[in-house]
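K.L.:
Return atomic coordinates for the entry below.
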Amino acid sequence: MSQVPLIAEYATDISSIPDSIWQDSLIYPAYAAGISLLVLISSAFCDRFLTPKSSALCASETLAIPATSSSLRRRIESIGGLDIFVYRVVQLLGILFLLGISIAQFVSDDSPTALTASRTLQAVQIAIYVGSCI
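P.N.:
The predicted structure is shown next:
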């Protein structure tokens, strides 16, 4: 059995190691979404089990919406008020912006027929953004 000498011809460096899909910069939004989901679940758990509300307090918090207000104002109040409505509009605009960037990058790729890990990740991101808009 022959041995391979360790010379510069056989040496490997960091640039020759293929990038992992977990280290790709396109996966960072998915990491942020996962962390956000964990925060949401922990917050819901704390609200549900650690801070009980009395039924009298919950009954007094519901506000009657006047019948004379416009349908838009009634809709805004039914989803939680102006703050929540503005948040959802900004969230929708952000998602549409990210969707546009992802589609533009997916279409302008050099090799549109080659299925690489990066293109697969882009396709998954586009599907998630479209699903978020629905």
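K.L.:
what number of residues lie near the residue nearest to Ile126 when sequence neighbours are not counted?
P.N.:
Nearest residue to Ile126, sequence neighbours excluded (C-beta to C-beta, 6 or more residues apart in numbering): Ser102, at 5.0 Å. All C-beta atoms are positioned from the backbone trio N, CA, C, and that covers glycine. The number of residues packed near Ser102 is 22, by other C-beta atoms under 10 Å.
K.L.:
Moving C-terminal from the helix or strand of the chain with the lowest mean pLDDT, which element do we reach first?
P.N.:
Lowest by mean pLDDT, DSSP states H and E among the helices and strands of the chain is helix 55-61, with a mean of 48. Downstream of helix 55-61, the next assigned helix or strand under DSSP states H and E is helix 71-78.
K.L.:
So which bits of that next one are buried?
P.N.:
Within helix 71-78, the residues that qualify as buried are Ile76, Glu77, counting by 16 or more other C-beta atoms under 10 Å.
K.L.:
That helix - what's its average pLDDT?
P.N.:
Mean pLDDT, computed over helix 71-78, is 86.
K.L.:
so what does it touch, helix or strand wise?
P.N.:
With contacts defined as 3 or more C-beta pairs under 8 Å, 6 or more residues apart in numbering; DSSP states H and E, helix 71-78 has no helix or strand neighbours.
K.L.:
Which residues belonging to the helix or strand following it are considered buried?
P.N.:
The helix or strand immediately downstream of helix 71-78 is helix 82-107, counting by DSSP H and E. By neighbour count on 16+ other C-beta under 10 Å, the buried set for helix 82-107 is Phe85, Ile95, Leu98, Leu99, Ser102.
K.L.:
could I get those as CSV with pLDDT?
P.N.:
Output for those, formatted as CSV (pLDDT from 0 to 100):
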residue, pLDDT
Phe85, 87
Ile95, 86
Leu98, 85
Leu99, 86
Ser102, 84
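K.L.:
Of those residues, just say which sits nearest to Val39.
P.N.:
Using C-beta to C-beta, Ile95 comes nearest to Val39 of the buried residues of helix 82-107, at 18.6 Å.
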